[in-house]
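Visitor: When you get a sec, could you give me coordinates for this:
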Amino acid sequence: MTNSKDLCVSEMLRLQKELWEKHKDSWAPIEPQYGKSFILYMIEEIGEVIAIIKKKGEEDIMNDPAVRKHFVEELGDVMMYYMDVLNRFKVSPEEFSSEYLKKFETNMNRDYEKQYKNLI
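Guide: Have a look, this model is predicted:
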């Protein structure tokens, strides 16, 4: 187990592979054809996050330690399935980071108001 307080992409991918190794006899292989199933599992976990927001509300998430713990746990499940998707499509930490940073730069220079006003 890692002692890191701030996980990086490569560490999360490694941890998911380690978890898969432990369960490889009963879990789907780390191959692209299984990727869409893990996207669906991730969406299911996002639904659980949404349910907490709907049922408990933002105030409880921010102020009730038990609710917050459950909320963050479900967000962790989302990220675990996200890493499973990246692993199944053989997306490297460097490839992901590069594209993420490019998209960040694009978004930093976007005029969202103007862009969405032109859609009408």
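Visitor: Quick check, central residue of the chain?
Guide: Taking CA atoms, centre = their mean, the centroid of the chain lies closest to residue 79, which sits 2.9 Å from it.
Visitor: Beyond whichever strand or helix holds that residue, next helix or strand please.
Guide: Using DSSP states H and E, residue 79 maps to helix 65-88. Once the chain leaves helix 65-88, the next helix or strand it forms, by DSSP H and E, is helix 93-108.
Visitor: Determine the angle, from 0 to 180 degrees, between the helix holding residue 79 and helix 93-108.
Guide: 110 degrees (axes from the mean of the first three to the mean of the last three CA atoms, to 10 degrees).
Visitor: one step back: could you pull up the contacting residues of the residue nearest to the centre of the chain?
Guide: Applying CB atoms under 8 Å, 6 or more residues apart in numbering to residue 79 gives the contacts residue 12. In this view, the C-beta of every residue, glycine as well, is placed from N, C-alpha and C.
Visitor: Next one, pLDDT for it please.
Guide: Listed pLDDT for residue 79 reads 98.
Visitor: What of the one 4 residues further on?
Guide: If you check residue 83, the pLDDT there is 98.
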